[in-house]
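A.B. asks: the following block contains a protein sequence and its predicted model.
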Amino acid sequence: MWRDLLPVGRDTGTGGYRRYAWTPADTDCRAWFRAQAESRALTYEVDRNGNQWAWQGDPTAGDAVVTGSHLDSVPDGGPFDGPLGVISSFAALDELRARGATPTHPLALVNFTDEEGARFGVACAGSRLSAGQLTPERARELRDADGVSLAQAMEAAGQDPEAIGPDAERLARIGAFVELHIEQGRALDLSGDAVGVASAIWPHGRWRFDFTGEANHAGTTRLEDRRDPMLTYANTVLAARKKARLAGALATFGKVSVEPNGVNAIASLVRGWLDSRAADEATLAEVVTAIEQAATERGARDGVDVRVVRESFTPVVEFAHDLRDRLTALLGGAAPVPVLPTGAGHDAGILSATVPTAMLFVRNPTGVSHSPAESAAEDDCVAGVTALADVLEGLACR
């Protein structure tokens, strides 16, 4: 499975992956998922929001145990973030069958669409739509860098954009959702454990900063006469780092667009996207407010207007304690399984508001993620599959 999926959406120049939602690479990933489901005689279906499901047992019976993750990527992302969870879900099902385990609950494997939000800017779009945390009206109007709307992209890929929206009936059938994911950090590497259980996800969000100045000639305009939004943007990037460091939080400007984007032209507009995360919502709000204030104050000095739009927000997620404790008990052997928080968002975090959810992490020896350097040892991946199979057997077969 890993070898089959590995070339899909890989850029030969960077070695990273560009599996953006509703693109040909995404279509190939979705075809791979469907083929894996059908080769195991699972009931395959696509929900109204484009999420893919593969069922063993009656999908309408209720109290289902579901596992899976996503197959899309960030720009030049690594091979494990998302796909490891989907591949492991199929491998864990294979392991259950090899053990002769007989599920007493329906089992489902899922590929949530557009988890990274790399193309349209909203993370976990597929699960957010299903959970009612993203309105269909707003979703349809989301646009990529080329001006293509989500509705247009879905329609071009054969999905009906008019059908998207909350899927409460489907979510009500789920008794537990367990997502396996590569750890996006080094806690397991430092503890010497191959697999861990998630305790919580830090609150996090994305904010778009629009810095509007005045376009002019780079070679004839005096420095004193400029209204250069790039200066305000650059100062805001530095302020974000400082405010986050002082608060023990995280803040990153990782995406920027410039108009008119000419070497010899002073910019008229700079857009920068802030990703910020913190251990609690109050700290996160304080950090973002401080960054916005720094941007506004610098903008006044530079003659630049500053506008800030919150594009997405996920509150703190405390995974269901009883389900989390069940996982640690199922996996507990000679030594207790590490339980650790994460600053990364996941579909499991979105679903946690309506469905009991939990997560398993697989060791990442470097801690690097969202990069081609992302890695995991084969033995650790196999340990993750075994752990997921143990969890599914414990939840669905007893």
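C.D. replies: Arrived safely.
A.B. asks: can you pull the buried residues of stretch 364-377?
C.D. replies: By 16 or more other C-beta atoms under 10 Å, the buried positions in stretch 364-377 come out as 364, 367, 369-372, 374-376. C-beta here means a position set from N, CA and C on the backbone, and glycine is covered the same way.
A.B. asks: swap in stretch 383-398?
C.D. replies: Neighbour-count burial for stretch 383-398 flags 383-397 (criterion: 16+ other C-beta under 10 Å).
A.B. asks: now stretch 58-76
C.D. replies: For stretch 58-76, the neighbour count (16+ other C-beta under 10 Å) marks 59, 64-76 as buried.
A.B. asks: quick revisit: out of the buried residues of stretch 383-398, who's nearest Arg18?
C.D. replies: Closest approach between the buried residues of stretch 383-398 and Arg18, by C-beta to C-beta: Gly384, at 25.2 Å.
A.B. asks: quick one: classify that closest one as helix, strand or coil.
C.D. replies: Secondary structure, DSSP: H, G, I helix; E, B strand; the rest coil: Gly384 is helix.
A.B. asks: could you do the one 4 residues further on as well?
C.D. replies: Three-state secondary structure (criterion: three-state DSSP) places Leu388 in helix.
A.B. asks: all strands of the stretch 51-200 of the chain, in order?
C.D. replies: For the stretch 51-200 of the chain, the strands defined by DSSP state E, counting those that start in this stretch cover 52-56, 64-70, 107-112, 174-182, 195-201.
A.B. asks: using a markdown table, please lay out those strands together with mean pLDDT and distance to Gly349.
C.D. replies: A markdown table is the format used below for these (pLDDT from 0 to 100; distance: least, C-beta to C-beta, whole Å):
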| stretch | mean pLDDT | distance to Gly349 |
| --- | --- | --- |
| strand 52-56 | 98 | 19 |
| strand 64-70 | 98 | 12 |
| strand 107-112 | 98 | 12 |
| strand 174-182 | 98 | 9 |
| strand 195-201 | 94 | 4 |
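A.B. asks: ok now the longest helix along the chain, how far from the chain's centre?
C.D. replies: Determined from DSSP state H, the single longest helix within the chain is helix 281-302. Centroid separation between helix 281-302 and its chain, computed with C-alpha atoms, centre = their mean, to the nearest Å, is 25 Å.
A.B. asks: send me that helix as CSV with only the CA atoms.
C.D. replies: Extracted C-alpha coordinates of helix 281-302, given in CSV (Å, rounded to 0.1, in the frame of the first residue of the first chain):
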residue,chain,number,x,y,z
GLU,A,281,-7.7,30.0,24.6
ALA,A,282,-7.0,33.0,26.7
THR,A,283,-3.3,33.0,25.9
LEU,A,284,-4.0,32.5,22.2
ALA,A,285,-6.4,35.5,22.2
GLU,A,286,-3.9,37.7,24.0
VAL,A,287,-1.1,36.8,21.6
VAL,A,288,-3.2,37.4,18.4
THR,A,289,-4.5,40.7,19.9
ALA,A,290,-1.0,41.8,20.6
ILE,A,291,0.2,40.9,17.1
GLU,A,292,-2.7,42.8,15.6
GLN,A,293,-2.0,45.8,17.8
ALA,A,294,1.7,45.8,16.7
ALA,A,295,0.6,45.6,13.1
THR,A,296,-1.8,48.5,13.4
GLU,A,297,0.7,50.7,15.3
ARG,A,298,3.4,50.1,12.7
GLY,A,299,0.9,50.6,9.9
ALA,A,300,0.1,54.1,11.2
ARG,A,301,3.8,55.0,11.1
ASP,A,302,4.1,53.6,7.5
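A.B. asks: what's next to it, contact-wise?
C.D. replies: 202-205, 207, 209, 211, 213, 227-229, 231-232, 235-236, 239-240, 243-244, 247-249, 251, 274, 276-278, 304-306, 308, 315-316 (C-beta atoms under 8 Å, 6 or more residues apart in numbering).
A.B. asks: what does stretch 5-12 give?
C.D. replies: By C-beta under 8 Å, 6+ apart, stretch 5-12 touches 16-19, 25-26, 28-29, 32, 71, 73, 76, 79, 83, 87.
A.B. asks: flag the shaky bits of the protein, pLDDT-wise.
C.D. replies: Across the chain, the ranges flagged by pLDDT under 70 are 334.
A.B. asks: want to throw the buried residues of stretch 58-76 into CSV with distance to Ile350?
C.D. replies: Formatted as CSV, the buried residues of stretch 58-76 follow (distance: C-beta to C-beta, whole Å):
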residue, distance to Ile350
Pro59, 20
Ala64, 18
Val65, 18
Val66, 13
Thr67, 15
Gly68, 13
Ser69, 12
His70, 11
Leu71, 17
Asp72, 15
Ser73, 18
Val74, 17
Pro75, 22
Asp76, 24
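A.B. asks: ok, these vs Pro103, which is closest?
C.D. replies: Val65 (7.7 Å).
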